[in-house]
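Q: make a model of this:
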Amino acid sequence: MRQQKQWEPLGQGMAVQVSKEHRFGTDTILLSWFSHPRPAEKRAAELCAGCGALSLLWFRAAPASLRVDAVEIQEEACRLLRRSVEANGLEDRYFPILADLRCLKPVLKGNGYDLVACNPPYTPLGAGITNCAPALCTARHESQCTIEDVTQAAARLLRPLGRLCLCQRPERLYVVMQACSRAGLVPKRLRLVQHRLGKAPKLFLLEARKGGRPGGLVVEPTLILEDEQGKPSREMAEIYGEYARKEGLV
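A: Alright, predicted model coming up:
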């Protein structure tokens, strides 16, 4: 029986349609905040978009000129995304694209994007327990694309000095750095994320630039998600913003 779809609030009157197979979590919110388009960035893309929450969150405070292409390989996720675009009145600014990111040349004109963001599958195929649900397997395991595929696709889309922002598990930092290097993307900004003080990092957020000058990686202070009482930290509460208040998280 197909899971019933529902609407999740994003704050400022926006919402995204999700299902059991296509939903979002804290990682998506953090990457959306970390990658938020800058005033001069007019053209952006989200790869492995899923339900599209990452790039939809940009529109809570996006430049009026921003245009986004959201690439997703799964038909059901793309249908959810189209409904969210219509519900939020973004038809002239946000364009869901059903496509394989490894074969974007026929559907997207490259070398012109200011920003590409991606919350990719975290687990290499063959590692860990593979989810038997096809949609969840695609989202969590590198069955449809690898980190190498993501960085190569981003490099083809980005203009010179354009930004790629992504997140991954800390144990795969070296693999991501290597993939960026092979694609001509230079890591420029890194932030680790940990649940509480004293815990090991659970995530990293990385920004790389196409054709950037080697060196100059800025490692930002670690982002702590919760305080000693288990409540969102001050910075995390600011990141959650209106979404957190609607959900009763702060």
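Q: and the helices in the chain, which stretches?
A: Using DSSP state H, the helices found in the chain span residues 26-35, 53-58, 75-87, 134-140, 147-157, 173-182, 234-247.
Q: pick the most deeply packed of the ones you listed.
A: For the helices of the chain, ranked by mean neighbour count under the definition mean count of other CB atoms under 10 Å, the leader is helix 53-58 at a mean of 26. Quick note: C-beta positions are derived from backbone N, CA and C, even for glycine.
Q: packing partners of it?
A: The elements that helix 53-58 packs onto, with contact taken as 3 or more CB pairs under 8 Å, 6 or more residues apart in numbering; DSSP states H and E, are strand 6-11, strand 14-18, helix 26-35, strand 43-47, strand 67-72.
Q: now stretch 153-170: buried residues?
A: 153-158, 162-168 (16 or more other CB atoms under 10 Å).
Q: same question, stretch 90-102
A: Residues of stretch 90-102 classed as buried: 90, 94-99, 101 (neighbour count, 16+ other CB under 10 Å).
Q: and those residues, which of them are in strands?
A: Judged by DSSP state E, the buried residues of stretch 90-102 include 94-98 as members of strands.
Q: and which of those residues is nearest to Val218?
A: Here the nearest of those to Val218, counting by CB to CB, is Tyr94; it sits at 30.2 Å.
Q: check the closest one and give its pLDDT.
A: As summarised for this prediction, Tyr94 has a pLDDT of 97.
Q: ok, now Ala64?
A: pLDDT, the model's per-residue confidence, is 88 for Ala64.
Q: can you check Lys105 too?
A: Reading off the confidence values, Lys105 has pLDDT 79.
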